[in-house]
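**Q** Return atomic coordinates for the entry below.
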Amino acid sequence: MSLFARASNADLFTYNTDQVNQELIQLQSLEDYVSANPGITLTNLQAENNALVANLNINGNTLGGFGLSGEPPLGIPSFVWGCVLSWVGILVVYFMTDEDKEETKKAAIGCIVGGAAYVVFWILYALVWGSWWYF
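**A** Here you go, the predicted structure:
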């Protein structure tokens with residue numbers, strides 16, 4: 001018996017069709033309500049304890065699957081993004097955190113620190129290398 005035959009017999013990919021359909025119906029009614037009422041946001045509905053969002057497990061802070069608002073992209077600190085990747089790291093943080101100014105600022109500080117460390121390294125290298133030639 002091959003590996004693929006065993007995998008096809010597993011119940012790994014079963015789901016409750018009725019439960020999925022019920023969730024989709026709730027999401028559709030929520031979408032219809034938001035479409036019919038311009039200016040309504042998920043935050044407003046949650047603050048009002050609206051029945052449309054009461055039974056839904058919705059996290060309004062997710063940003064494309066990359067993390068929560070106020071958290072660094074991919075779990076890597078924004079300072080490290082800026083320090084290691086310089087201006088590219090700042091752009092990565094800016095776009096992946098949905099233009100979060102605080103995280104972008106941390107990446108910019110990392111970029112400045114990384115640039116300063118680079119300059120200091122080469123100055124020290126030149127001083128050590130230059131003094132070695134005199135001996």
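**Q** C-alpha only now, for contacts and for neighbours.
**A** Will do.
**Q** can you map out the helices along the chain?
**A** Assigned helices in the chain, in chain order: 3-9, 17-36, 42-47, 51-54, 78-85, 87-96, 101-133 (criterion: DSSP state H).
**Q** most packed of the ones you listed?
**A** helix 78-85 (a mean of 23; mean count of other C-alpha atoms under 10 Å).
**Q** Return the alpha-carbon coordinates of that one using PDB.
**A** C-alpha atoms of helix 78-85 as PDB (Å, rounded to 0.1, in the frame of the first residue of the first chain):
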ATOM      1  CA  SER A  78      10.900  46.500  14.000                       C
ATOM      2  CA  PHE A  79      14.200  47.800  15.400                       C
ATOM      3  CA  VAL A  80      15.900  44.700  14.000                       C
ATOM      4  CA  TRP A  81      14.200  45.100  10.600                       C
ATOM      5  CA  GLY A  82      15.600  48.700  10.300                       C
ATOM      6  CA  CYS A  83      19.100  47.800  11.800                       C
ATOM      7  CA  VAL A  84      19.700  44.900   9.500                       C
ATOM      8  CA  LEU A  85      18.000  45.800   6.300                       C
END
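**Q** Now do that helix: which elements does it pack against?
**A** Contacts defined by 3 or more C-alpha pairs under 8 Å, 6 or more residues apart in numbering; DSSP states H and E place helix 78-85 against helix 87-96, helix 101-133.
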